[in-house]
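Asker: Could you work out the structure for the sequence below:
(2 chains)
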Amino acid sequence: GAVVSQHPSWVICKSGTSVKIECRSLDFQATTMFWYRQFPKQSLMLMATSNEGSKATYEQGVEKDKFLINHASLTLSTLTVTSAHPEDSSFYICSAYQGQDITDTQYFGPGTRLTVL
Amino acid sequence: DQQVKQNSPSLSVQEGRISILNCDYTNSMFDYFLWYKKYPAEGPTFLISISSIKDKNEDGRFTVFLNKSAKHLSLHIVPSQPGDSAVYFCAARDFGNEKLTFGTGTRLTIIP
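Answerer: A predicted model of the protein is given here:
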């Protein structure tokens, strides 16, 4: 199956700093990439959808100025958590979607554990 | 509003037996359904999917059944193996929309 990587796999930062998470599709070009967050024992909550070369579409309740998304190429999207606070601590997961036909699915990265002190 | 629901947060099954995970949805516009498996601190792994034009799809030990009238789908794993222990999420998508709506997950534990 398709491979999606994320970097870093975990990060600890101080409150007020910014953290960048990278998501790469390694063996296919992704028309769309998605960013999710997951709190312990909860479902995956979609934060935003990003398409290469255009602005990301954020879900209701997600602050676009706090969670900056850049989709620089068909294989790379980045999520920057700006001025992170302890409540931003979570597990962030990206997925990549090739989007060539209706049966295409999203392939997920391994996730990034963010802890804000 | 939880459009995709997995009412059983956990399930324990003896090794070798059949595991049945259930999922209900409310949005009649959903036409494509997927099951993902997730280990702790990892991203979900795609398992199997089904289009709304079918009522069954099988792939090895995994079979997904779809009952459109009841807005219900289930994942059958047989025989269950210890490596199947994980959290299973069902997800749904409506035609022309690449976004997935996930259920809350069911933690499956296979007892050796």
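
Asker: residues from chain B in reach of chain A?
Answerer: B:32, B:34, B:36, B:41-46, B:49, B:51, B:89, B:95, B:98-100, B:102-105 (C-beta under 8 Å from any C-beta of the partner chain). C-beta: built from backbone N, CA, C; applies to glycine.

Asker: what stretches of the chain score poorly on pLDDT?
Answerer: Since no chain was named, I'll use chain A. A:1, A:99-104 (pLDDT under 70).

Asker: you looked at the wrong chain, it should be chain B
Answerer: B:1.

Asker: contacting residues around B:S8?
Answerer: By C-beta atoms under 8 Å, 6 or more residues apart in numbering or on different chains, B:S8 lies in contact with B:21-22, B:106.

Asker: I misspoke; the intended subject was A:K66.
Answerer: A:K66 touches A:81-83, A:88, counting by C-beta under 8 Å, 6+ apart.

Asker: Quick check, the residue in chain B closest to chain A?
Answerer: Nearest residue of chain B to chain A, counting by C-beta to the nearest C-beta: B:G43, 3.5 Å away.

Asker: Smallest gap between chain A and chain B, at which residue?
Answerer: For chain A, C-beta to the nearest C-beta, closest residue to chain B: A:F108, 3.5 Å.

Asker: residues in contact with the host helix or strand of B:I20?
Answerer: Here B:I20, judged by DSSP states H and E, is contained in strand B:19-25. Applying C-beta under 8 Å, 6+ apart, the contact partners of strand B:19-25 are B:3-8, B:11, B:13, B:33, B:35, B:70-78, B:80, B:84, B:88, B:90, B:92, B:103, B:106, B:108, B:110.

Asker: Just the CA coordinates for stretch B:42-54, please, in PDB.
Answerer: What follows is stretch B:42-54, C-alpha atoms only, in PDB (Å, rounded to 0.1, in the frame of the first residue of the first chain):
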ATOM      1  CA  GLU B  42       0.300   5.000  15.200                       C
ATOM      2  CA  GLY B  43      -1.800   6.200  12.300                       C
ATOM      3  CA  PRO B  44      -4.800   4.200  11.100                       C
ATOM      4  CA  THR B  45      -4.200   1.400   8.600                       C
ATOM      5  CA  PHE B  46      -6.800   0.800   5.900                       C
ATOM      6  CA  LEU B  47      -8.400  -2.600   6.100                       C
ATOM      7  CA  ILE B  48     -11.300  -3.000   3.800                       C
ATOM      8  CA  SER B  49     -14.000  -0.800   2.100                       C
ATOM      9  CA  ILE B  50     -17.400  -1.200   0.500                       C
ATOM     10  CA  SER B  51     -19.400   0.800  -1.900                       C
ATOM     11  CA  SER B  52     -23.100   1.400  -1.300                       C
ATOM     12  CA  ILE B  53     -24.000  -0.600  -4.500                       C
ATOM     13  CA  LYS B  54     -22.700  -3.700  -2.700                       C
END
